[in-house]
Every structure is written in C-alpha cells, then in structure tokens.
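Asker: output the structure for:
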Amino acid sequence: MPRSRIVTGMLLFAAMMSARSLQIADPPTRNGDMRPSLMHRESSERSLPSEARLDCTIRVDPHAPPTHRIDRHVLGCHSDAGYAHEARGLYAELVYGAAFEWVPDTDPTNGSAAATTPLHGWAGAGGATLDPNASQIPGGTSLRLVGPATATNRGFGNEGLYLVGAQPYDGYLVLQSDEAVEVTVTLEHRGAPGADPSPLAQSVLQFPGGNWTRLNFSLTPATTADCIGVNAAEAAASGIGCPANGTYAVDGVHPPLSDASAHICVQCGGQFTVAVRAPERTSTTETKQGGRGGTGGAKGNAVRVGYASLMPGAWGRLDDLPVRADAAAILKMMGITMIRWGGSYTTSRPMPWTRWIGPAWRRPSAVDGVWGAGGRIHAVMSGWGWVEMADAAHAVGATPVLTLDPIPNGAPEGDMADFVEYCWGNASTEWGARRVADGHPAPINVTFVELGNEEYNANFVDQVKAMEARASAVGVPIPLQYLWPNNKPPNATDGARAAALGLGDRLLIDIHNGPEGGSGAIDGIVANPATASWGMLNGETNCGDHTVRRMISEATDLNMYFDRTVLANRIKGRTGSFCMERSGYNEGGLNDQGISFFLPNMTWLQPPGLVHAMVASTFQPNALNYSAAKCPFYLTDGLYSVQASDDRKTVVVRVVWDQSTVGENVTIDFGPGVTAPMEVTTMAWPDLGSANTPADPRKIAPRTLPPTVSGTVVYVEPYSYTVFVATFP
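Answerer: Reported below is the predicted structural model:
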C-alpha cells in the first residue's frame, strides 16, 4: 500500500441544529472560523427507470391526539470500558500505560498493538527498569530511572502522538526519590527510521526528593507532529499492530471487519520522554522550549516514577475534563442523550466501584492490565472510570448508565449502598465526605445503575433494597433506576421478591441484542409474571457493523422505538453499540460497530451515527398514527414513523427504504385541502458494505433535497433514510 496522507487536524464537527431540518456544518478551523458546509452532498438522485419506482402515500392527521410520548433516551450509545479502543475515543490521556501496568504481549491474530518491550507502552533506554515492588499504589509498579536513563511513550498502540504546534499540553509526574533530582520531560518528533528524534518542547523538573509527590508541567510544541498512513511492513517496523491482510480474521476465530476501508494503519510523529541524566553540574533554568537544560548545581540521578500523564490543554478538552473535545463535539452532533458505561470489564472480579475513585494516580484500578478470560487484553485506564464517564455524559447533555461490579452488601471495600452515599451524600456523611475530599464537592448525578453485566445476580434484590434505604437516608432527589443484568427475567422466587419492593418500572431488564429487535423484547417482559411491571433498557446492540447496512438497521430500529405504543412508558433508553470505534488496528476487530470513528488526529461519523444526527436535529416527542396507501412492505416494522411537536406546528415523517434496486415515490398527505411546506433530508448509498473512511469522512452523508410541499411526490432512493419535516402556521 503506498504511503498516503490522512485528513489532519482534530475535526471538531458541529451541528447546526433546528427543529425544521438537518444542517450539519463542516468542522471549524483551529481559529474557530466556519468553512462552507461540505457535509451535505449536492442534491441529486441515481437514475432508475420509472418501472423501478414503487408508489407510497402516507396519510397523517397533524391535529390528531398523539398515541404516546417518545423518550428521547432512545438516542443513546454504549461505551464499553473493557475494550481499549472504546474508551480511548473519549479519554484525552495521551500516555498509554500511565501507571506502568504490567500487560503481556497481545494476541497478534486480533490485530492488537504488540507490547514488544518489558515496559509495555514505554520503551526504555539506559538505566530504565520496572520496579514491581515500589509504587504509590499498593501492588502497583513504578518506573525506576537511574541516570543516564530515558523512557519513551508513543501512545496507544505505539502509533505515536499527534501534537498540535503552538498549543499547550498539560501533564504531571508522580515521583519518589531519596535525594534531589532533575527529571526532564520532552515532547519530540520521532523522525525518520534510524534518525535521532528532534525536541519540540522540554521542561526540567526540579524534584527536591521525598515520598510520592505530584509535579505538574506544561509543554508547548514548537511545530505540529502529524500523522500519516503506513503499510503493514512499515507499521511492524515501528511496533504498531497492523494485520498484513487488513482484517483481524486471520485465525478463524475473531470476526472479520464489516468494512476494512475505514480501518487504516497510522503512524504519528510525536512522542513523550521522561529522562534522568548522569550526575553532573546543572543549571537552575527550569524550562526551555525545543532545547536542552544547562549546567550548574549538583543533583542526584535516581528516581521512581509512579504515574505519568499528558493531555491537551483546555483548548483540546471538554470543560477541563479528561475528555477529548472532538469526541464531545461528535457526541453532541449525534444528539446522544444517554451513555452506558461498562460491560465486559465487570467480569473480572473483583473490580469494585471503589477502585475508580480519588486521584487517578492513586487508584487501585491501575494495578492489573489484563481483564477477561484467556488473558485477552482490555483497557486498564485508572484515569477513566465511572466518575469521569458520569461527568462527561452530563457535560454533553446525556444521562449516564453505569454498569458496575455488583459488590455484595456489607463488603468491606464499600458496597452498593455506599456507592449511593458516595454519589449523593453531603459532607456530613462518611462516603459523601470522601467524595468531597476526592475533589468532587458536588453530588455525582447517577440515577441508572446496573448491578453486573450479562449474568444472573442472585444478590440483586438485596442490593436494590439496601440502595433504596440509603437513597432515602441521604435524601437523593431523583428516583434511582436499577438494571437487572441477565438480559432475561429472574426466576419466579427472585421475581416475587423484586415485586415486593414496590418499585414498578424502576426495575429494568437490560436487553443486549443485535441492531434490531430490542423493541420487541418488551412484549416478553410484560407477558412474564415476574417482570410484568418492569421497564426495559436496550443497553447493547451488538452487530459488528458500521456500514450502510448498519445505517439501514439503525434507522429501522429507531423507527420501531418511535412507533410502538407499548414502549411509551416501559422503555427507559436505548444505547447503541458503540459510541466510538478505533480506525487504527487495536481490538477493533473484536467489536467493529462504532457509530463514529476516531484516530489520534481526527474523529468522524459513520452512516449509523449520521442517522442519529438526522434524528436528533428533527426530533419531535409525540408519536402520531398514520396510514399508508399502496406502500410496499407497509406491515414491515420500522420502515415508517411519524411524530409531531407539542404545538402541532411541526410534523416529521421518517422513511427507511431497504430495497437494493427499487426506489419509492413517496407522497405525504395531511388530508383534503391541507398543504404544508416540507424540507426533505435524505441519505442514500448503493452499496450496503460502504463506510466513511479517514481520507473521505463525508463520502456517505445526508443531503437536502429542493424544498417541496405536502401532496407532492418525492423520490426515495434504494438503501436510504429520508426525513420529511412539514411546518404549519
């Protein structure tokens, strides 16, 4: 594969939203100016003979009472922290292995980046070694540097760091030493193979010695370290995992990619180094950009590093949270209203909620880097836990759903009732005071909690009872919702005990299924005596797909949620899998189903994510009845849905057309003598297996058709999703 440039810059997509039509703006430049929109394609249609067009008239009374109200939480997404490629799309941390976790070499058959050095994400030189017997975290590991020594980090998957010139990067080290020592932190451009790296920014930290202490620094690279596409051989030479055949399914076990074009091998020019020199006379000058320190007073040459962090400054993060600003913009663009955090990581026990609180550099969650059965590598990132996910969700306007290790009542490390107190208690309570001391004075607004993941939790009823009692004691102002994690009802005994709690649909079954069918699960829940009063949350939609095929299925499933009256009061949310997917090759093949994609230097939407954006910008809360005349496949669930605004001045008709060669002539009829102007947005593509690539992230995108009026035929293309927005005076 020839070397090629990929799109550069953190592509901060912005959504110009209105209740009338979808307008998706082009990403802003770094100074904030907006370029003309390139997301919408020019209005055009593929030429098909007239006999290849079927007729459909959708009749709607815009003034009829609604059949039910739609919960906007169906526009959610799922981020499984158990997979490195998931959380890294949101997490702003650039250092991989910040706590020097021990992680064995990864399985090359699934394309994960190889951990080719003893330091895993770090490459050591000189007197750089890991010390498993000394850390600020009990049981943890530290990096020991005895000068001259250097440790270099090239980020997740060893791809290298994307660094924006003239923009500050904030970081810190946690150090321990018996004597004063100078520690130099540097941002470098790695340079060509065999060449010495060139410094972009440097700071010399003066550590007076002592026990584990945090030292902050800021580095501003002089120039940008960009990213390029590389082939498999070039990737292998740099220790970057990249399957030679462009797919993970080289062992007959891991599933193939739904589309390889959106996955590329990438190498970025930046790297971060931590160094200690041999004893010498050094200067008192503490910071230089793009240079080396001088000479002066005597210093020691040995230090332990317990944690190393580097993130973009406020310019590249959301609200000073450890969240990528471009990722936040993507979530907002999709109108994400609910984010489920968690999943597979809870299967590694114990992983209680208490391991994810307090300063990142003191969290026990950093001790072990291997989660799951068979040694499969998942994501240990002590700085990205349930607290960060809850804060990030609220910052983008979404409700967090937390899937946690279900700690039994009375557990010494803190049980689920203590979790409620930690989130909601004030400083007069034991756990509320601890939250305040941990740097989070405001309550953590968590109302949806899942007690386990894909398992039968025999302690569920007892845990919920204890959590309810604690919520009452600390004055939680919002009713809590409890997710049963087994994806099917409990047995009759546990069902009866749960019913005795009197919580009704605040007890929820978490349904995990494919891209469609979650809405149908409510029928079985209502019919089962054990869960007749329960609600439901569709927490995962596992389909292994991010292509046009997923676009059609995502739009179909959302239409079903909008259209079914039985769901009105029982469905509490739908979180499509996944919020984000890694374009580079690292665990992506295990679940190749992101509705948006990311690289170190960009984020962009895949066709199913654009469906969410189209829905979010035209969302109306009231479902209306409709009839369809001559419409083919009318009885097929999910092809059509109709909604209206509270004032009935806006009516939205959504049409999914899943045929490959036959188009549809659609007429919207609001009744005799009623005509309304309509704006029509459509997204269509002839190949179900296509997706948006890093080189062409707008290849498949919505386009606005010429303005029209109701009663006029509008052609709907094969493999398309079309939104009609009518307005009334």
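Asker: mean confidence score for stretch 78-85?
Answerer: The pLDDT scores in stretch 78-85 average 79.
Asker: which helix or strand contains Ser553?
Answerer: If you go by DSSP states H and E, Ser553 is part of helix 548-563.
Asker: what's that helix packed up against?
Answerer: With contacts defined as 3 or more C-beta pairs under 8 Å, 6 or more residues apart in numbering; DSSP states H and E, helix 548-563 has these neighbours: strand 571-577, helix 607-618, strand 640-644, strand 650-657, strand 720-727. Every C-beta, even on glycine, is put in place using the N, C-alpha and C of the backbone.
Asker: please repeat the previous calculation with a cut-off of 10 Å.
Answerer: If contacts are counted by 3 or more C-beta pairs under 10 Å, 6 or more residues apart in numbering; DSSP states H and E, helix 548-563 sits against strand 535-541, strand 571-577, helix 607-618, strand 622-623, strand 640-644, strand 650-657, strand 677-684, strand 720-727.
Asker: in JSON lines: the ones you listed, plus distance to Trp212.
Answerer: Below are the helices and strands packed on helix 548-563 laid out as JSON lines (distance: least, C-beta to C-beta, whole Å):
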{"stretch": "strand 535-541", "distance to Trp212": "38"}
{"stretch": "strand 571-577", "distance to Trp212": "38"}
{"stretch": "helix 607-618", "distance to Trp212": "42"}
{"stretch": "strand 622-623", "distance to Trp212": "57"}
{"stretch": "strand 640-644", "distance to Trp212": "56"}
{"stretch": "strand 650-657", "distance to Trp212": "56"}
{"stretch": "strand 677-684", "distance to Trp212": "53"}
{"stretch": "strand 720-727", "distance to Trp212": "54"}
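Asker: related to what we said a few turns ago, how distant is the helix holding Ser553 from the center of its chain?
Answerer: Helix 548-563 has its C-alpha centroid displaced from the chain centroid by 20 Å (C-alpha atoms, centre = their mean, to the nearest Å).
Asker: try stretch 435-454
Answerer: 18 Å.
Asker: where does this protein dip in pLDDT?
Answerer: 1-51, 84, 102-120, 241-256, 280-299, 345, 347-350, 366-380, 585-590, 633-636 (pLDDT under 70).
Asker: so which residues of it form helices?
Answerer: In the chain, helices defined by DSSP state H lie at 84-87, 232-237, 325-333, 386-395, 416-424, 430-437, 460-474, 492-499, 521-527, 548-563, 607-618, listed in chain order.
Asker: which of the ones you listed sits closest to Thr224?
Answerer: helix 325-333 (15.5 Å; C-beta to C-beta).
Asker: what is that closest one packed up against?
Answerer: strand 14-17, helix 386-395, strand 596-599, strand 602-605, helix 607-618.
Asker: circling back: reformat the helices and strands packed on helix 548-563 as a markdown table; add distance to Ala195 and mean neighbour count.
Answerer: Shown next, in a markdown table, are the helices and strands packed on helix 548-563 (distance: least, C-beta to C-beta, whole Å; neighbours: other C-beta atoms under 10 Å):
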| stretch | distance to Ala195 | mean neighbour count |
| --- | --- | --- |
| strand 535-541 | 46 | 27 |
| strand 571-577 | 42 | 27 |
| helix 607-618 | 39 | 27 |
| strand 622-623 | 63 | 20 |
| strand 640-644 | 59 | 24 |
| strand 650-657 | 54 | 24 |
| strand 677-684 | 46 | 22 |
| strand 720-727 | 49 | 24 |
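Asker: nearest to Val474, out of these?
Answerer: Comparing the helices and strands packed on helix 548-563 by their distance to Val474 (C-beta to C-beta), the top pick is strand 571-577, with 23.0 Å.
Asker: circling back: Asn231: which of the helices and strands packed on helix 548-563 is closest?
Answerer: That would be helix 607-618 among the helices and strands packed on helix 548-563, by C-beta to C-beta, at 26.8 Å.
Asker: give me the angle between the closest one and helix 325-333.
Answerer: Interaxial angle, helix 607-618 versus helix 325-333 (axes from the mean of the first three to the mean of the last three C-alpha atoms, to 10 degrees): 60 degrees.
Asker: now the angle from helix 607-618 to strand 677-684?
Answerer: Here helix 607-618 runs at an angle of 170 degrees relative to strand 677-684 (the same axes, to 10 degrees).
Asker: the inter-axis angle of helix 607-618 versus strand 720-727?
Answerer: For helix 607-618 against strand 720-727, the angle by the same axes, to 10 degrees is 10 degrees.
Asker: just give me how far helix 607-618 sits from the chain centre.
Answerer: Counting by C-alpha atoms, centre = their mean, helix 607-618 comes out at 16 Å from the chain centroid.
Asker: over to stretch 555-572?
Answerer: Remark: stretch 555-572 is offset 24 Å from the chain centroid, using C-alpha atoms, centre = their mean.
Asker: and that stretch, which residues are buried?
Answerer: Within stretch 555-572, the residues that count as buried by 16 or more other C-beta atoms under 10 Å are 555-564, 567, 570-572.
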